[in-house]
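Visitor: quick one: sequence and predicted model below, then my questions.
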Amino acid sequence: MLRRDFGKVAIGTLASSALLRSAKAADVTPVTAFSKTPGLTDYVGRFVVNTTYEDIPPDVVELGKKSILDGLGLALAGSRAQTGTICRRYLQQLGVCSGQAIVIGSELKTSPRFAAFVNGVSIHADDFDDTQLSSAKDRVYGLLVHPTVPVLPAVLALSQGRNISGKELMLSYLVGVEVECKIAEAISPRHYQDGFHSTGTCGALGSAVASAKLLHFDQPKVQNALGLAASQSGGLRENFGTMTKPFQAGHAAESGVVSANLVALGWTAAEQILEADRGFFHAFGGSYDSSALMDCLGKPWTFSSPGVSLKPYPSGSLSHPAMTELARLIELNNIRADQVEKVDVGANHNMTTTLLHHQPKTGLESKFSMEYCLAILLLERKAGLGEFSDKAAQRADVQEMVKRINFYVDPEAESAGFDKMTSILKIHLKDGRVITGRADFAKGSPADPMTFEEAATKFRGCAEYAEWPKAKAEKIIAFVRALDSASDVSALSPLLSAEKG
């Protein structure tokens with residue numbers, strides 16, 4: 001089904017439902033407009049089983065290394081968030097603090113299931129992790145999934161004590177990311193627009209196939225793992241700006257591990273879960289575009305095109321083009337906060353509704369506030385992890401500057417399409433000058449990518465924020481740089497653990 005038909009299908013479905021309610025069941029034959037693509041889950045299963053490390057293009061391997069390093073740094077930084085403290089207390093309360101899988105940034109070890117959950121929560125805690133991009137006109141650019149957070153914690157946790165090589169881990173990770181991203185691309189845009197958090201829903205499927213690949217499942221087992229993970233997928237956008245957003249990401253990582261572990265013991269599930277009439281695409285999206293998934297896995301790899309973006313700031317990705325441009329204008333014109341009368345920032349309506357906290361009062365809310373993101377940049381000339389705290393959000397000067405930011409739907413940005421994050425800036429100074437700028441993409445996107453060294457600089461900032469030993473931080477960077485030559489990725493664990501030994 002083509003995306004242009006989704007709206008027609010929705011209207012037709014509503015009309016059909018009304019007719020069915022008003023007519024006798026015997027007199028009416030239900031007609032479904034749901035796409036029919038037999039063998040879709042089977043195709044995904046074959047891709048997972050048959051893909052080898054040699055099938056992965058070298059550029060995809062290098063792009064994957066940057067995202068893996070990014071995820072590890074964010075897990076360290078996120079372990080210092082309140083969610084990290086609560087999660088560790090939760091594990092202690094459950095009595096599950098024994099096992100081989102590390103809880104990154106702490107001395108704790110637990111089972112793979114709970115390590116995947118807690119490390120996933122930490123990676124997403126600061127909303128600083130990578131984002132899948134979309135080239136489709138009906139999608140909001142950068143709002144499909146955060147690809148690393150559901151997958152990396154799962155394969156890291158399952159690799160403990162299994163003598164898994166760097167190539168094996170990367171293969172499982174890249175396969176998991178590819179599957180979750182193509183599924184997110186295929187599902188009807190209604191899925192996200194009506195409130196589902198794609199990282200929590202599609203991410204569970206990515207975690208499941210990555211775990212299945214690492215455990216060398218055959219095709220039926222891969223499909224069973226998908227079926228079981230689909231029944232655990234979930235997440236709602238209403239929880240953005242709260243602790244529950246990173247919970248949804250961590251739960252996706254955990255769900256894939258649970259699914260793989262149970263299937264390894266003989267658990268069964270529906271084997272056509274994606275395309276079935278009562279399956280994932282129908283229940284979560286109403287429909288899907290099979291042409292975005294069938295025969296598309298690895299053709300090209302999502303990491304290669306349309307790409308995955310590394311975040312330059314710990315906030316919602318839709319704020320980043322405006323922040324990148326404002327930072328450039330501040331430096332170019334030496335703009336001081338006390339010179340600013342107001343700032344107009346125009347965007348498309350999907351950006352204004354996603355960055356939904358217009359008067360934020362907490363650090364979490366400020367991550368989803370265009371007004372805050374620009375205000376803090378004007379006041380501090382930086383917007384790092386330390387600038388997105390409750391204390392910073394509640395400062396009187398910040399609250400005053402937030403009021404000077406006018407975030408609105410601009411017709412020009414709206415017409416540019418949702419496949420861009422068009423941000424139009426007008427900085428009105430008290431002396432009457434107006435400084436203008438425009439950006440469609442941000443630093444870290446494929447249009448302006450970070451090098452490995454720039455990703456390493458971001459990692460160092462995260463490690464420093466976590467007060468992590470510099471020597472360990474540098475060893476982690478070196479390990480990931482040469483990940484494809486590592487004989488056993490368990491050697492990474494002591495570098496990510498606070499355990500003394």
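Guide: Sure thing, it's come through.

Visitor: so which bits of stretch 188-205 are buried?
Guide: Of all the residues in stretch 188-205, those buried under the rule 16 or more other CB atoms under 10 Å are 188-192, 196-205. Quick note: C-beta positions are derived from backbone N, CA and C, even for glycine.

Visitor: and that stretch, end to end?
Guide: 16 Å (CA to CA, to the nearest Å).

Visitor: how far is that stretch from where the chain is centred?
Guide: Per CA atoms, centre = their mean, to the nearest Å, the displacement of stretch 188-205 from the mean C-alpha position of its chain is 11 Å.

Visitor: now it: average pLDDT?
Guide: Throughout stretch 188-205, pLDDT has a mean value of 94.

Visitor: same deal with stretch 38-55?
Guide: Summarised as a single mean, pLDDT over stretch 38-55 is 98.

Visitor: ok, residues contacting that stretch?
Guide: Counting by CB atoms under 8 Å, 6 or more residues apart in numbering, stretch 38-55 makes contact with 167-168, 170-171, 175, 178-179, 209, 212-213, 217-220, 222-223, 226-227, 271-275, 290, 293-295, 297-298, all of which sit outside it.

Visitor: can I get that stretch as PDB, trimmed to CA atoms?
Guide: The C-alpha atoms that make up stretch 38-55 are tabulated as PDB, following Å, rounded to 0.1, in the frame of the first residue of the first chain:
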ATOM      1  CA  PRO A  38       2.600 -12.900   2.500                       C
ATOM      2  CA  GLY A  39       6.000 -14.000   3.700                       C
ATOM      3  CA  LEU A  40       7.100 -10.700   5.100                       C
ATOM      4  CA  THR A  41       8.200 -12.100   8.500                       C
ATOM      5  CA  ASP A  42       9.700 -15.000   6.700                       C
ATOM      6  CA  TYR A  43      11.800 -12.700   4.700                       C
ATOM      7  CA  VAL A  44      13.000 -10.900   7.800                       C
ATOM      8  CA  GLY A  45      13.900 -14.200   9.400                       C
ATOM      9  CA  ARG A  46      15.900 -15.300   6.300                       C
ATOM     10  CA  PHE A  47      17.800 -12.000   6.300                       C
ATOM     11  CA  VAL A  48      18.700 -12.400  10.000                       C
ATOM     12  CA  VAL A  49      19.900 -16.000   9.600                       C
ATOM     13  CA  ASN A  50      21.700 -15.600   6.300                       C
ATOM     14  CA  THR A  51      23.600 -12.300   6.700                       C
ATOM     15  CA  THR A  52      27.300 -12.600   7.400                       C
ATOM     16  CA  TYR A  53      29.800 -10.100   8.600                       C
ATOM     17  CA  GLU A  54      31.300 -10.100   5.100                       C
ATOM     18  CA  ASP A  55      28.000  -8.900   3.700                       C
END
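
Visitor: among the buried residues of stretch 188-205, name the ones in helices.
Guide: Among the buried residues of stretch 188-205, the residues falling in helices (DSSP state H) are Arg190, His191, Tyr192, Ser198, Thr199, Gly200, Thr201, Cys202, Gly203, Ala204, Leu205.

Visitor: report pLDDT for the residue lying closest to the second one once chain neighbours are set aside.
Guide: I take that to be His191. Taking CB to CB, 6 or more residues apart in numbering as the measure, His191 lies nearest to Gly285, with 4.1 Å between them; neighbours along the chain are not counted. Per-residue confidence at Gly285 stands at 94 (pLDDT).

Visitor: Gly285 against Ile183, yeah?
Guide: No: contact status for Gly285 versus Ile183: not in contact, 10.0 Å apart, counting by CB atoms under 8 Å.

Visitor: which residues of the stretch 401-501 of the chain score low on pLDDT?
Guide: Scanning the stretch 401-501 of the chain for pLDDT under 70 picks out 501.

Visitor: helices of that one, start to end?
Guide: In order along the chain, the stretch 401-501 of the chain carries the following helices (DSSP state H, counting those that start in this stretch): 411-415, 452-465, 470-481, 493-496.

Visitor: so for Leu74, which of those helices sits nearest?
Guide: The closest of the helices of the stretch 401-501 of the chain to Leu74 is helix 452-465. By CB to CB, the value is 5.9 Å.

Visitor: packing partners of the closest one?
Guide: Here helix 452-465 touches helix 58-78, helix 470-481, going by 3 or more CB pairs under 8 Å, 6 or more residues apart in numbering; DSSP states H and E.

Visitor: any idea how far Val222 is from the residue nearest to His191?
Guide: 22 Å (CB to CB, to the nearest Å).

Visitor: same question, Ala393
Guide: Remark: distance between Ala393 and Val222 (CB to CB) = 44 Å.

Visitor: and those two? Which one has more around it.
Guide: When Ala393 and Val222 are compared for neighbours, Val222 comes out ahead with 28 against 24, by other CB atoms under 10 Å.

Visitor: tell me, what residue is most central in the protein?
Guide: The structure's the chain has its C-alpha centroid closest to His146; by CA atoms, centre = their mean the separation is 1.1 Å.

Visitor: any idea how far His320 is from it?
Guide: Counting by CB to CB, the gap from His146 to His320 is 14 Å.

Visitor: residues touching the residue nearest to the centre of the chain, list them.
Guide: Contacts here follow CB under 8 Å, 6+ apart; on that basis His146 touches His124, Asp129, Asp130, Thr131, Gln132, Thr199, Gly203, Ala249.

Visitor: export the residues you listed to JSON lines and tack on distance to Glu62 and secondary structure?
Guide: Shown next, in JSON lines, are these (distance: CB to CB, whole Å; DSSP: H, G, I helix; E, B strand; the rest coil):
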{"residue": "His124", "distance to Glu62": "24", "secondary structure": "helix"}
{"residue": "Asp129", "distance to Glu62": "18", "secondary structure": "coil"}
{"residue": "Asp130", "distance to Glu62": "14", "secondary structure": "coil"}
{"residue": "Thr131", "distance to Glu62": "18", "secondary structure": "strand"}
{"residue": "Gln132", "distance to Glu62": "18", "secondary structure": "strand"}
{"residue": "Thr199", "distance to Glu62": "24", "secondary structure": "helix"}
{"residue": "Gly203", "distance to Glu62": "23", "secondary structure": "helix"}
{"residue": "Ala249", "distance to Glu62": "24", "secondary structure": "helix"}
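
Visitor: ChimeraX command for the buried members of these?
Guide: Buried members of these can be picked out in ChimeraX with the line below, counting by 16+ other CB under 10 Å:
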select :124,129,130,131,132,199,203,249
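
Visitor: can you list the contacts of His146 in TSV and add distance to Gly71?
Guide: Below are the contacts of His146 laid out as TSV (distance: CB to CB, whole Å):
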residue	distance to Gly71
His124	10
Asp129	6
Asp130	7
Thr131	12
Gln132	14
Thr199	13
Gly203	13
Ala249	11
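
Visitor: low-scoring stretches of this protein, by residue?
Guide: 1-32, 135-143, 501.

Visitor: would you map out the domains in it?
Guide: Under the assignment named as automatic domain parsing, the residue ranges that make up the domains of the chain are 1-33, 40-309, 317-439.
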